[in-house]
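[1] Dropping the sequence and predicted coords here.
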Amino acid sequence: MTERMDIFTRNVPGMTARLRSATVAVAGCGGLGSNVAVALARAGVGRLILADRDVVEASNLNRQIFFLGDIGRRKVEATAAHLHNIRTDLDLVLHDLMVTPDNTASLFGDAEILVEAFDDAGEKIRLIEAWTRAFPDRFIVCGNGLAGYGRTGDLKVVRTGRIVFCGDMESDMSGGLAAPRVLTVAAMQANVVVELLMGGSP
């Protein structure tokens, strides 16, 4: 408790108490997901459910939270280690596997909100469909369009029912991925999650 209070001394009034009781799931621990997880941990979310099937590669280091020593480690394990270096009290549930429509509800059912952080467009669509079918009353916050650099003014938040998209809504990864834009969209996703948990409407 002492550690938590010291960390959150500068938090927004009322936020710490609400977020410490929240559970948020993050599907994908890459450029978006790993950075969303860090932002939510620093904001004060009490429990995070993380899922990813990949290992850390050198090419990940230009935009993800990992370091040279993480290369070859499972992404969920490396992400968890870094999160616990921020907060030892953070409750983490780790799933080192592929997320599918069949296991989405069982993996993430305890979460109030799901963050979609996949690279593959098909996987994004399948996750959104599976989540909204299983939990039509819960939000899913998705990344959509974060490639390239600059054009910060093109980044926006678009809500369609319980689905919220963050990004420019048009660029794809063929344009390359760089930390400034990826981290900006990840921060937007985390900010939307906090806003929703605090009772706001993006």
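    That came through, no problem.
[2] All the helices of this structure, residue numbers only.
    2-7, 15-19, 31-43, 75-86, 104-108, 121-134, 179-197 (DSSP state H).
[3] which of those sits most buried?
    Greatest average neighbour count among the helices of the chain goes to helix 31-43 (a mean of 25), per mean count of other CB atoms under 10 Å. Placement of C-beta: from N, CA and C, glycine included.
[4] got the angle between it and helix 75-86?
    In terms of direction (axes from the mean of the first three to the mean of the last three CA atoms, to 10 degrees), helix 31-43 departs from helix 75-86 by 30 degrees.
[5] Tell me what angle helix 31-43 forms with helix 179-197.
    Using the same axes, to 10 degrees: helix 31-43 against helix 179-197 is 50 degrees.
[6] And helix 31-43, what does it pack against?
    strand 23-27, strand 47-51, helix 75-86, strand 113-116, helix 179-197 (3 or more CB pairs under 8 Å, 6 or more residues apart in numbering; DSSP states H and E).
[7] Redo those as TSV? Include mean pLDDT.
    TSV is the format used below for the helices and strands packed on helix 31-43 (pLDDT from 0 to 100):
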stretch	mean pLDDT
strand 23-27	98
strand 47-51	98
helix 75-86	98
strand 113-116	98
helix 179-197	98
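[8] so which of the helices of the chain gets nearest V93?
    Ranking these by their distance to V93 (criterion: CB to CB) puts helix 104-108 first, at 8.8 Å.
[9] Pull the residues that contact the closest one.
    A25, A27, I49, A51, H95, V99, L114, L127, A130, W131, A134, F135 (CB atoms under 8 Å, 6 or more residues apart in numbering).
[10] So what's the model's average confidence on it?
    Across helix 104-108, the average pLDDT comes to 98.
[11] likewise stretch 28-41?
    So the average pLDDT for stretch 28-41 ends up being 98.
[12] Figure out how far that stretch is from the centre of its chain.
    4 Å (CA atoms, centre = their mean, to the nearest Å).
[13] I'd like the contacts of helix 104-108 as TSV, with distance to A105 appended.
    Output for the contacts of helix 104-108, formatted as TSV (distance: CB to CB, whole Å):
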residue	distance to A105
A25	11
A27	12
I49	12
A51	13
H95	13
V99	11
L114	10
L127	11
A130	7
W131	8
A134	4
F135	7
